[in-house]
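**Q** Just need the structure, nothing else, for what follows:
(chains A, B, C and D)
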Number of protein chains: 2
Amino acid sequence: MGRMPTVEDVAELAQVSRQTVSNVINSPEIVRESTRTRVQEAIDSLGYRPHASARRLRTRKSSTIGVRIDPLRDGISGAVLDRFLHKLAEQADSRDLRVMIFTARDADDELQHVRRLRDGSDVDAFVLIATFHGDPRIEWLTENDVPFVSFGRPWGAELDDPRHRWVDVDGRAGVREATRALQQHGARRVAFIGWPSPSGTGDERRAGWGEATSIPARDRARYAREVEDGVSSGTAAAESLLALEDAPDAIVCASDSLALGAMLAARAASVPELRVVGFDNTPVAAAVGLSSIDQPLDDVVAAALTLLFGDSGNNVRPNPNSNEEPTNRLLVPRLVERRSSHLMPDEITGAQSSGNH
Amino acid sequence: MGRMPTVEDVAELAQVSRQTVSNVINSPEIVRESTRTRVQEAIDSLGYRPHASARRLRTRKSSTIGVRIDPLRDGISGAVLDRFLHKLAEQADSRDLRVMIFTARDADDELQHVRRLRDGSDVDAFVLIATFHGDPRIEWLTENDVPFVSFGRPWGAELDDPRHRWVDVDGRAGVREATRALQQHGARRVAFIGWPSPSGTGDERRAGWGEATSIPARDRARYAREVEDGVSSGTAAAESLLALEDAPDAIVCASDSLALGAMLAARAASVPELRVVGFDNTPVAAAVGLSSIDQPLDDVVAAALTLLFGDSGNNVRPNPNSNEEPTNRLLVPRLVERRSSHLMPDEITGAQSSGNH
DNA sequence: CCGAATAATTTGATCGATCAAAATTCCTGA
DNA sequence: TCAGGAATTTTGATCGATCAAATTATTCGG
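**A** Numbering: from 1, shown residues only, chains lettered A, B, ... in the order given. Okay, here's the model as predicted:
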């Protein structure tokens, strides 16, 4: 494999100077049309491609974003982050941004990596996924002026701190909508299975249920369960709900894992008419016909990139941003209805099983 | 945030030349000890970090590997690639390699990206995941001398072509072991649910079952099903197997999705004693107590990196490699046993439910 | 048809590191 | 004590691009 052509080679072939070649690539509008096409032809004929590192060295920007992918991935729900990552790679590409991944054992380790990648000018900005209560990363990153955006609110901290750009999905609204939908479909007692408090995300989802369920406030505790995420804990929780005197006829869950568990419990207990709704709309949910609350990941990613880089391009916007625009976005999820949230008759009559929002 | 320190700054502080600083970092053994510590102290005190792009420009290597993450991720099994990706990032890090991800619509689009990333010296080598029959990427990459390693055999092509480095897991051996284990646990008729032929991976897995099942050859077709991957098709296939006159008492599946479907079918049909084994040992399998064949991803990744970069370091080994060492590795998976593959009595007597291989 | 203003192109310097080779220092043994 | 060779350190050039400023070409009004 011979040497790759450089600007110099292109310049020579097109009978112009290196800078003009560079201009054709970076600011075509300032080059005369006739020259531009000539240079472009030279570029094409040589198969020239700018050397990424040379460019990054000179421009002092890597046009690369870093993302930590963590090992945990408990249960099915990791799939959301997975989809997020995919969308991120996709949309980054259209802005000519690269995505670099790395792993870390914990938040501190993650910060080590962040520092290394940033100091080495390997990446310009970071995307944090899954923020949590008292997340040390957020403080460190803001203090150290590392550009970043998080998918997840700053739980427990100032929501509108302009130095922290974040995007999140309004789980409360999602669960509220799901609960109402179930009730409109005829459910009389909608229960909830979620995670132990305190859990920012989990508490919000439960709050959404509390706002919409028709169960009187004083009885709500009896109809809510707090368990670790997972299929088997979902099953256990659902069993205990089904054992209640006035058993619920529908359950909204904080995750598809829990919901899948609940479905299994319903089948095992021969209560197929129990309606279940999950959260995250994972592939598994689609596969088993589980209704689920879908996070608009396309929008989440688009918003995240916009907060970091503006409407287009790949220059990191200075932080704090101009006090005009908000530095965060809260997006609304939508319920995807499938068999699991409908009455059996629906299924029998062959009603469509998805998307009729 | 002030300007980052450079070799020059460190050199000045340590009273040496830039090159010595560079040597301390890249070839410490050639620097006198006293000088080395002095320089190291300067590095530490300034928090110096070599500028990645400058280094890449000079050394003409990016120390970066590219991986395509694809959008499909049908069913649960995407989780394997997910874990693979995670391990890859982890082990790459210990060799001081970076991992860059990108997406593509199809194989051709993927090659476009590959070309762009390679020509721009963005990445040195690629990792291909999920090879398939007549995979156009393999030919293109070898023809164009792009260093790569694939997780997956060159289905339908020369296995020992030294220009193609690959790692794969012997699914046939895995399914064979699982089938035998089921029979040792007392199963009399072990059936199989897999994917439609031709599917390299799927056909191998089915062959493993064929080699081990005690069902006579002439009856085997009746006890095997070929369906698209997915929970619901697993359920359907299992139902049809359970409807057989001499219904199987155990089923080995080509994926956890199918296996999960089979478990659901068993519960629905009130045949809880049906033993099921899946493939990939996904988190879902662990969650629902499904026995599954586990791919040794740590070893897969280690082997892949070794094939590309040798035992250590991050210099791409020239291809074809010296005719001494093999350019591929076939690894053996192992069965992780959980409740789903045991007789009910086991469960009742409280036997441990996992890992007692 | 000329000179000012504008457009287009080119030149020289630079980003931050490493390579290759030269220069210096340090040892060793006669 | 000193030559010769090894060990250590320094110097000059370079990787491939873009920035900033200088130069040349073009356009336009009077």
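
**Q** give the contact list for A:W209.
**A** With contact set as Cβ atoms under 8 Å, 6 or more residues apart in numbering or on different chains, A:W209 has these partners: A:V175, A:R176, A:T179, A:V190, A:F192, A:G194, A:A224, A:V252. Yep, even glycine has a C-beta here, placed from its N, CA and C like the rest.

**Q** hmm, which two among these are most spread apart?
**A** Spatial extent of those (Cβ to Cβ) is set by the pair A:R176 and A:A224 at 14.5 Å.

**Q** and chain A, which of its residues are near DNA strand D?
**A** With Cβ under 7 Å from any atom of the strand as the criterion, chain A meets DNA strand D at residues A:3-4, A:6-8, A:18-19, A:21-22, A:25-26, A:48-51, A:54-55, A:57-59.

**Q** hang on, the earlier thing: looking at the contacts of A:W209, state which has the most neighbours.
**A** When neighbours are counted as other Cβ atoms under 10 Å in any protein chain shown, the busiest of the contacts of A:W209 turns out to be A:V252, with 38 neighbours.

**Q** partner strands of the host helix or strand of that residue, parallel or antiparallel?
**A** If you go by DSSP states H and E, A:V252 is part of strand A:250-253. Paired strands of strand A:250-253, with direction, are strand A:190-194 (parallel), strand A:275-279 (parallel) (DSSP bridges).

**Q** Specify the local secondary structure of the closest residue in space to A:H133 that isn't next to it in sequence.
**A** Beyond its immediate neighbours in the sequence, the residue positioned closest to A:H133 (Cβ to Cβ, 6 or more residues apart in numbering or on different chains) is A:W155, lying 4.5 Å away. Taken by DSSP: H, G, I helix; E, B strand; the rest coil, the conformation at A:W155 corresponds to coil.

**Q** what's around A:W155, how many residues?
**A** If you count neighbours by other Cβ under 10 Å, A:W155 ends up with 19.

**Q** just checking, it touches A:E204?
**A** No: taking contact to mean Cβ atoms under 8 Å, the distance of 9.4 Å between A:W155 and A:E204 leaves them out of contact.

**Q** can you give me the end-to-end distance of stretch A:114-123?
**A** Distances were taken as Cα to Cα, to the nearest Å; on that basis the terminal residues of stretch A:114-123 are 9 Å apart.

**Q** burial count for the residue of the stretch 251-357 of chain A found nearest DNA strand C?
**A** The minimum distance from the stretch 251-357 of chain A to DNA strand C, using Cβ to the nearest atom of the strand, falls at A:V316 (16.6 Å). Burial of A:V316 is recorded as 16 neighbouring residues (other Cβ under 10 Å).

**Q** Same check on A:D106?
**A** Neighbours of A:D106 under the rule other Cβ under 10 Å: 9.

**Q** In terms of distance to DNA strand D, which of the contacts of A:W209 ranks first?
**A** Checking the contacts of A:W209 against DNA strand D with Cβ to the nearest atom of the strand, the nearest one is A:V175 at 47.9 Å.

**Q** quick one, strands of the stretch 201-350 of chain A?
**A** A:224-226, A:250-253, A:275-279, A:291-294, A:328-331, A:334-336 (DSSP state E, counting those that start in this stretch).

**Q** Relative to A:L13, which of those strands is closest?
**A** Counting by Cβ to Cβ, and looking across all of the strands of the stretch 201-350 of chain A, nearest comes strand A:328-331 at 47.3 Å.

**Q** Tell me the pLDDT of the residue of the stretch 251-357 of chain A closest to DNA strand C.
**A** The pLDDT attached to A:V316 in the predicted structure is 93.
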